[in-house]
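Peer 1: below: sequence and its predicted model.
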Amino acid sequence: MITISLCMIVKNEEEVIGRCLASVKDIVDEINIVDTGSTDQTKKIVKQYTDRIFDFKWIDDFAAARNYSFDQATKEYILWLDADDVFTEDDQEKLKELKNSLDHSYDAISMKYHLAFDELGNVTYLLRRYRLVNRKKQFKWIGQVHEYLSVYGNLLDSDVAVSHLPLSHDSNRNINIYQKMIDEGKELSPRDTFYFANELMDHSKYKEAIMYYELFLETNKGWIEDNITACFKLADCYYAIGDNHLTLISTLRTLTYDVPRPEACCRIGYYFMEQNKNIEAIYWYKQALNYTNNETLSFQNTNFSTWLPHLQLCVLYDRMQEHRIAYSHNEQARKYRPTDERILGNKKYFEQLFRDSLKEE
């Protein structure tokens, strides 16, 4: 069995920190909390779980704070979490199993990161992150904002998942740090350029975001997943300012990096659907359903490969008077979203249509 140090950085997390620590306290062997300036009850709550609380002066550098938290670890492996992350009961058991069975030869272990859920609790948006690392490797965090942990060696993808359940978010924090970096004359790395563009888009500064997404893509130094995401984000920016042509072109740019992803297929399908080009739209929505899922992808929005293309195919086949096929796709969509009012409305519509057809016969 390995031993684990939990290392976290926190600030004013009184709403969520207790929930996080309660979900992991019986699994880890040590809890290290680095506080970057809390003024609420965060420290008081943390003291219920550990006395290993360290102060770190905030210098607008997430990597520096996380590296300091890693420096406090004394056990064989380091687990990192954010205050609004939790392990569900099922994932607590999976983490215990991993702890008991892990071969000490592994340097870093990834876990799924569940970022969004539908009203039924089904995961709709996820990615993978290296969460558990061998302390002896002395892996370092890189990046003032949207920092990442640079790992290498003997790597393992685990079945454990961390669930991200935020209650609030400082929407201006990251964009202010990036703006300060620019004002101080610091050159943004390609990765920083990408994330700064994301922040600009989130603040509805679409034209500025477009400029920075283009700057990022022009570097040709981005990770393929970030390149693809940048193209989709560009499409969203152009859609927001009403340029439908460049919305499509930006989506098509993703095809220069990889085979068509489900999201690209759905976006192209929607483009044709809006023009009443039903056959073309059907082709692309079917491609979304035919895509083979790959859990190593950075970001996965399962909506684009499950209920959404089925629902759109239902509409398209209904337009073409292919009601049985339309109904079949609606039923497939209902498997994923059994309480969706649109899908239930479609079901009622088709079943009434079928009853009326039988009466006419």
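Peer 2: Thanks, I have the structure now.
Peer 1: could you dump the longest helix belonging to the chain to CSV, C-alpha only?
Peer 2: Counting by DSSP state H, the longest helix found in the chain is helix 341-360. Extracted as CSV, the C-alpha positions of helix 341-360 are listed here (Å, rounded to 0.1, in the frame of the first residue of the first chain):
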residue,chain,number,x,y,z
GLU,A,341,-39.9,18.2,-22.1
ARG,A,342,-38.9,18.6,-25.8
ILE,A,343,-38.4,14.9,-26.1
LEU,A,344,-41.5,14.0,-24.2
GLY,A,345,-43.4,16.5,-26.4
ASN,A,346,-42.1,14.8,-29.5
LYS,A,347,-43.1,11.4,-28.2
LYS,A,348,-46.6,12.6,-27.6
TYR,A,349,-46.7,14.2,-31.1
PHE,A,350,-45.6,11.0,-32.9
GLU,A,351,-47.8,8.7,-31.0
GLN,A,352,-50.8,10.8,-31.7
LEU,A,353,-49.7,10.9,-35.3
PHE,A,354,-49.5,7.1,-35.4
ARG,A,355,-53.0,6.8,-33.8
ASP,A,356,-54.5,9.2,-36.3
SER,A,357,-52.9,7.2,-39.2
LEU,A,358,-54.4,4.0,-37.9
LYS,A,359,-57.9,5.6,-37.8
GLU,A,360,-57.6,6.7,-41.4
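Peer 1: name the residues of it that are buried.
Peer 2: Residues of helix 341-360 classed as buried: Ile343, Asn346, Lys347, Phe350 (neighbour count, 16 or more other Cβ atoms under 10 Å). C-beta coordinates here come from the backbone N, C-alpha and C atoms, glycine included.
Peer 1: same check on stretch 251-261?
Peer 2: Neighbour-count burial for stretch 251-261 [16+ other Cβ under 10 Å]: Thr251, Leu252, Arg253, Thr254, Tyr257, Pro260, Arg261.
Peer 1: can you check stretch 156-163 too?
Peer 2: Across stretch 156-163, burial judged by 16+ other Cβ under 10 Å covers Ser158, Val160, Ala161, Val162, Ser163.
Peer 1: related to what we said a few turns ago, in a markdown table: the buried residues of helix 341-360, plus distance to Ala333.
Peer 2: Formatted as a markdown table, those follow (distance: Cβ to Cβ, whole Å):
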| residue | distance to Ala333 |
| --- | --- |
| Ile343 | 5 |
| Asn346 | 8 |
| Lys347 | 10 |
| Phe350 | 12 |
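Peer 1: closest to Val133 among these?
Peer 2: Using Cβ to Cβ, Ile343 comes nearest to Val133 of these, at 43.1 Å.
Peer 1: residues contacting that closest one?
Peer 2: Trp307, Leu311, Asn330, Ala333, Arg334, Arg337 (Cβ atoms under 8 Å, 6 or more residues apart in numbering).
Peer 1: His169: which of those is nearest?
Peer 2: Looking across these and measuring by Cβ to Cβ, the closest to His169 is Arg337, at 26.3 Å.
Peer 1: what's around the closest one, how many residues?
Peer 2: 21 (other Cβ atoms under 10 Å).
Peer 1: how near is it to Glu119?
Peer 2: As for Arg337, its distance to Glu119 is 8 Å (criterion: Cβ to Cβ, to the nearest Å).
Peer 1: for Leu358, same thing?
Peer 2: 35 Å.
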